[in-house]
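Q: Based on what follows, work out the 3D shape:
(one chain, ligands or ions: 1)
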Amino acid sequence: MARTTVNGMMDDFQGVMPRNMVIAVGIASLLLAVPGFWTGHLRQAIVFVVVGAVLLVLAALYWRRPMPESCRFSIVLLLSALVISLLQYHGTLAVYWVFPLLAISYFLFKGWVAIAVASVATLVVSIAGFLVLPLEHAWRMMAALLIILVLGSVFTTTIGRLQQLLHRLVVTDTLTGLQNRHQVNDVLSRLIHNFRRYQRPASLILLDIDHFKQVNDTHGHLYGDQMLKQLATRLQATLRVNDHVFRVGGEEFLVALPETAFAEALTVAEKIRLAVAERPFEGKDATSQLTVSLGVAQLRGEQSWSEWISVADLALLEAKRKGRNQVVKGRAIVQ
Ligand SMILES: Nc1nc2c(ncn2[C@@H]2O[C@H](COP(=O)(O)OP(=O)(O)OP(=O)(O)O)[C@@H](O)[C@H]2O)c(=O)[nH]1
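A: Next up, the predicted model:
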């Protein structure tokens, strides 16, 4: 089943690419057997059929789960052996098959692993070339392989960087630089896993700026944006580095506290409340005294991440109802 978290979707995508490549090479191998049967090169045709069948079986085996690295290494080894034996039988004519081998490495692996695998493939095939081809052809083949190696490495590192950038853009709130709601599912699911497996406590604080509409209405949206940015900075300054802060709505923020039980989470929430209320926020043309209302919930039992947030949400609503600028746990008012 396709996953819906950002990291899950990235992983799914990265798992699909090698599998599709293995299917494509498997089908190509089966098709390449046809001319062999046609022209009477039976042994060669059978090798192509076997390689094609092995690849298609592997793709089927790993249809729903990522293909392990060891399996992908074995595929490159199998294809390298095939290419080297073709070089041995057909000499210079088989050089054409060396280049797809290198290209495939970049689809089966990513980043530095892809570059390392392609380098080893280049080295091994070049040595084979020097052993079985005329020297002049072996040199040319090696030079072409090295050029592909360099271009492929630039290509794969560029794609890797673009992927990181895309991930950062998707999970970052552009106004405040905090994580956005796309990342909530991933982070809370991890905390739930740690709680169920290792009994590590975790808590949530949901907070909302009080009467923020008035701030916008009085000073304009750009001024409101400045306030949101400053609030984000204050939140980060108040929290520990391994706590997570998300902007989950216009003026609503979610704080996830790993390794934090209820009592400590309430203390953190109170610290946040004071950090916001203790001194005014300074915009370009005006100064505003903001306050926040906060709901706190500790992860319990078999709660899903959305049920966990709902508990904090109800507490936040209660804090608003009871007059704002306060911390509420469950349904009991702390302050
Ligand atoms: N400047 C700015 N304002 C935003 C942004 N997103 C939401 N808002 C504003 O936040 C305000 C939220 O108003 P309400 O939901 O009525 O809440 P409130 O005025 O804070 O009142 P309470 O939450 O009940 O205390 C609205 O004026 C929105 O326009 C944003 O990105 N920038």
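Q: Please make it C-alpha for all contacts and neighbour counts, starting now.
A: Will do.
Q: Kindly report the residues of the stretch 101-250 of the chain close to the ligand.
A: Contact residues, the stretch 101-250 of the chain versus the ligand (Cα under 6 Å from any ligand atom): 209, 210, 211, 212, 213, 214, 216, 221, 222, 224, 225, 250.
Q: the strands in this structure, which residues?
A: 179-180, 202-209, 244-247, 252-258, 281-282, 287-288, 292-298, 327-329, 332-333 (DSSP state E).
Q: I'd like those as CSV, with distance to residue 157 appended.
A: Conversion of those to CSV gives the following (distance: least, Cα to Cα, whole Å):
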stretch, distance to residue 157
strand 179-180, 25
strand 202-209, 37
strand 244-247, 29
strand 252-258, 33
strand 281-282, 43
strand 287-288, 47
strand 292-298, 42
strand 327-329, 47
strand 332-333, 53
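Q: Break this protein down into its domains, please.
A: As given by automatic domain parsing, the domain ranges for the chain are 6-168, 179-333.
Q: circling back: may I see the strands of the chain organised as TSV, with mean pLDDT added?
A: Output for the strands of the chain, formatted as TSV (pLDDT from 0 to 100):
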stretch	mean pLDDT
strand 179-180	94
strand 202-209	97
strand 244-247	97
strand 252-258	98
strand 281-282	94
strand 287-288	94
strand 292-298	97
strand 327-329	94
strand 332-333	42
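Q: I'd like those strands laid out as JSON lines, including mean neighbour count.
A: Below are the strands of the chain laid out as JSON lines (neighbours: other Cα atoms under 10 Å):
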{"stretch": "strand 179-180", "mean neighbour count": "22"}
{"stretch": "strand 202-209", "mean neighbour count": "27"}
{"stretch": "strand 244-247", "mean neighbour count": "23"}
{"stretch": "strand 252-258", "mean neighbour count": "23"}
{"stretch": "strand 281-282", "mean neighbour count": "16"}
{"stretch": "strand 287-288", "mean neighbour count": "14"}
{"stretch": "strand 292-298", "mean neighbour count": "28"}
{"stretch": "strand 327-329", "mean neighbour count": "28"}
{"stretch": "strand 332-333", "mean neighbour count": "12"}
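Q: For residue 119, which of the ones you listed is the nearest?
A: Each of the strands of the chain has some distance to residue 119 by Cα to Cα; the shortest is strand 179-180, at 37.8 Å.
Q: Run through the neighbouring helices and strands of that closest one.
A: Counting contacts by 3 or more Cα pairs under 8 Å, 6 or more residues apart in numbering; DSSP states H and E, strand 179-180 packs against strand 244-247.
Q: any idea how far residue 25 lies from the ligand?
A: As judged by Cα to the nearest ligand atom, to the nearest Å, residue 25 and the ligand stand 49 Å apart.
Q: mind listing what that residue touches?
A: Residue 25 is in contact with 52, 55, counting by Cα atoms under 8 Å, 6 or more residues apart in numbering.
Q: again, only this time at 10 Å
A: 19, 31, 51, 52, 55, 56, 79, 100, 101, 104 (Cα atoms under 10 Å, 6 or more residues apart in numbering).
Q: now swap in residue 169 and tell me
A: 163, 177, 179, 180.
Q: Quick check: the farthest pair among the residues of the stretch 101-250 of the chain next to the ligand?
A: Longest span within those, Cα to Cα: 210 and 222, 17.7 Å.
Q: Settle it for me: which of those two has more neighbours?
A: residue 210 (18 against 12; other Cα atoms under 10 Å).
Q: That one against residue 251, yeah?
A: Yes: using Cα atoms under 10 Å, residue 210 is in contact with residue 251, at 8.8 Å.
Q: any common contacting residues for the two?
A: In contact with both residue 210 and residue 251: residue 292, using Cα under 10 Å, 6+ apart.
Q: pLDDT averaged over the longest helix along the chain - what is it?
A: As assigned by DSSP state H, the longest helix anywhere in the chain is helix 135-171. On average, the pLDDT along helix 135-171 is 93.
Q: can you pull the buried residues of that helix?
A: Under the neighbour-count criterion of 16 or more other Cα atoms under 10 Å, helix 135-171 has 137-138, 141-142, 145-146, 148-149, 152-153, 156-157, 170-171 buried.
Q: quick one: which of those residues is nearest residue 266?
A: When the buried residues of helix 135-171 are compared against residue 266 (criterion: Cα to Cα), the nearest one is residue 171, at 27.1 Å.
Q: Help me confirm that the closest one comes into contact with residue 183.
A: Yes: Residue 171 is in contact with residue 183 according to Cα under 10 Å; the separation is 5.7 Å.
Q: okay, the domains of the chain, which one's buried deepest?
A: domain 179-333 (a mean of 18; mean count of other Cα atoms under 10 Å).
Q: from the chain's centre, how far out does that domain sit?
A: Centre-to-centre, domain 179-333 and its host chain are 25 Å apart (Cα atoms, centre = their mean, to the nearest Å).
Q: Not counting stretch 136-151 itself, show me its contacts.
A: With Cα under 10 Å, 6+ apart, stretch 136-151 has contacts from 91-92, 95-96, 98-99, 102-103, 106, 115-116, 118-119, 121-123, 125-133, 135, 152-155.
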